[in-house]
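# Sharing a sequence plus its predicted fold:
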Amino acid sequence: MTHIFVNIPTSDLERAKAFYTALGAGINPLFTDENAACIVWDENVFFMVLTKEYFATFTDKQIIDPKTHAQTSIGLSRDSRDEVDAIMAAGLASGGTEPKPAQDYGFMYSRDLEDPDGNILGFLYMEPQAAEQGPEVYLAEHAQA
């Protein structure tokens, strides 16, 4: 079984913990201290939110400021369009920002949320049939209906 651990920097660990728990994620206290918080999305997906100083101990590369530079965009699926909108509402109410309008492709609906540090999260819902068939087949079938 593969587990995903995404390391992201923060300038304020307590603010980051409050933000991610407001989105419905949990915190694993066994891997949380004054330098890092283990944010639990589910049994396989975790964010390690690290203070910038601690993050810097894992690399010799410059740590960028996610408010001004994009290094990555993390996509997380939801089970419905309503769930995408609900998590966005929670994120916006907890200090996040929406950098661009929602994108609706017919087979997929997505919205981007920047956490208070500027890390980019994409929340998306894809029609299950489109995931199985591919978007072109799905759209062609639904255009005829």
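The structure has been received and is ready for your questions.

# quick one: secondary structure of the nearest residue to H142 once chain neighbours are set aside?
Nearest in space to H142, with sequence neighbours left out and distances taken as Cβ to Cβ, 6 or more residues apart in numbering, is G106 at 7.1 Å. Using the backbone N, CA and C atoms, a C-beta is placed for each residue, glycine as well. State at G106, reduced to three classes by DSSP: H, G, I helix; E, B strand; the rest coil: coil.

# So in the chain, which helix runs the longest?
Of all the segments assigned as helix in the chain under DSSP state H, the longest by residue count is helix 81-93.

# Now do the buried residues in stretch 26-46.
In terms of neighbour count (16 or more other Cβ atoms under 10 Å), stretch 26-46 has its buried residues at 32, 36-41, 45-46.

# now do the same end-to-end measure for it.
Separation of the first and last residues of stretch 26-46 by Cα to Cα, to the nearest Å is 9 Å.

# Would you mind measuring from the residue nearest to the spatial centre of the chain to E43?
With distances taken as Cα atoms, centre = their mean, L121 lies nearest the centre of the chain, 3.2 Å away. In this structure, L121 and E43 are 19 Å apart, going by Cβ to Cβ, to the nearest Å.

# do the same with I63
The gap separating I63 from E43 is 29 Å, by Cβ to Cβ.
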